[in-house]
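Peer 1: Provided below for reference: sequence and predicted model.
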Amino acid sequence: MDVLCLDLEGVLVPEVWQAVARSTEIPELLKTTRDIPDYDDLMRYRLEIVAAHDITLSQIQAEIGKLEPLPGARAFLDWARDHFQVAIISDTFYDFAKPLMVQLGMPFLLCHKLVVENDRIVDYRLRQADPKRHSVKAFKGLKLNVIASGDSFNDVSMLEEADRGIFFQAPANITAQFPQYPVAPDYEALKALILQAQAEITA
């Protein structure tokens, strides 16, 4: 069975940090990799803001606990798991993701870890450098075909490494820079593009 690699935030669930930004009324936390493409730059920026406002991990987790998957995400993911081995490859953190993973039926998730002291986030640890690309490369090393879909700059390496890459609801400034990838505006279109990609790979 082929492997389908999916980003999490923006594809299956809302952007976690944006939810925190709205609940804490700190607009600086609205920025994502769509705004700051370098993930380390973005996370250092976020951690500075969290520290300056004395926001605890528990506060963030409480807000995440109120979130639900995007409309149609669970049905799409159920469909995907009927047709593929599915891996969620995300730049989120295990400390954040579990409530949303439960709602999605606990799919396989590869992401990062936070460094926490006294309920304060003091640092983070990447699973590895360029993790999305290396995850796809590892699956291909097992002689598996890989289709990947994401919505932002930090997903491009995953799309590049996959046998086929697809954007899902990515903004125009990103898709314009990478016109080689088709864009799905909704889950039904994404299903169709995934099946088309699978047919091309196996032809």
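Peer 2: Sure, I can see it. Numbers count the residues shown, from 1 in each chain.

Peer 1: not counting its neighbours along the chain, what's nearest residue 34?
Peer 2: residue 152 (5.1 Å; CB to CB, 6 or more residues apart in numbering). Quick note: C-beta positions are derived from backbone N, CA and C, even for glycine.

Peer 1: thought that neighbour was touching residue 175?
Peer 2: No - with contacts defined as CB atoms under 8 Å, residue 152 does not count as touching residue 175, sitting 10.7 Å away.

Peer 1: quick one, which of those two is more surrounded?
Peer 2: Remark: of residue 152 and residue 175, residue 152 carries more neighbours, 24 against 16, as counted by other CB atoms under 10 Å.

Peer 1: quick one on the thing from earlier: how close does the residue nearest to residue 34 get to residue 52?
Peer 2: Relative to residue 52, residue 152 is positioned 25 Å away (CB to CB, to the nearest Å).

Peer 1: same thing with residue 16?
Peer 2: Separation of residue 16 from residue 52 (CB to CB): 19 Å.

Peer 1: out of those two, which sits in the more crowded spot?
Peer 2: When residue 16 and residue 52 are compared on other CB under 10 Å, the one with more neighbours turns out to be residue 16, at 23 against 10.

Peer 1: per-residue pLDDT, the more buried one?
Peer 2: In the predicted model, residue 16 carries a pLDDT score of 90.

Peer 1: which helices and strands does the longest helix seen in the chain pack with?
Peer 2: When the chain is parsed with DSSP state H, its longest helix is helix 187-202. If contacts are counted by 3 or more CB pairs under 8 Å, 6 or more residues apart in numbering; DSSP states H and E, helix 187-202 sits against helix 73-83, strand 146-150, strand 164-168, strand 183-184.

Peer 1: which of the residues in it are buried?
Peer 2: Within helix 187-202, the residues that count as buried by 16 or more other CB atoms under 10 Å are 187, 190, 193-194, 197-198.

Peer 1: and the contacts of that helix?
Peer 2: Applying CB atoms under 8 Å, 6 or more residues apart in numbering, the set of residues contacting helix 187-202 from outside is 2, 4, 72-73, 75-76, 79-80, 83-84, 145, 147, 149, 163-164, 166, 168, 182, 184.

Peer 1: ok, now stretch 96-105?
Peer 2: Counting by CB under 8 Å, 6+ apart, the neighbours of stretch 96-105 from elsewhere in the structure are 8, 12-13, 16, 60-61, 64-65, 67-69, 73-74, 77-78, 81, 90, 107, 109, 111, 114.

Peer 1: how about a cut-off of 10 Å?
Peer 2: Residues external to stretch 96-105 that are found in contact with it (CB atoms under 10 Å, 6 or more residues apart in numbering): 8-9, 12-14, 16-17, 20, 57, 60-69, 73-74, 77-78, 81, 88, 90, 92, 94, 106-109, 111-112, 114.

Peer 1: out of those residues, which are buried?
Peer 2: When burial is judged by neighbour count using 16+ other CB under 10 Å, the buried members of these are 8-9, 12-14, 16-17, 20, 57, 60-61, 63-64, 67, 69, 73, 77, 88, 90, 92, 107, 109, 111-112, 114.
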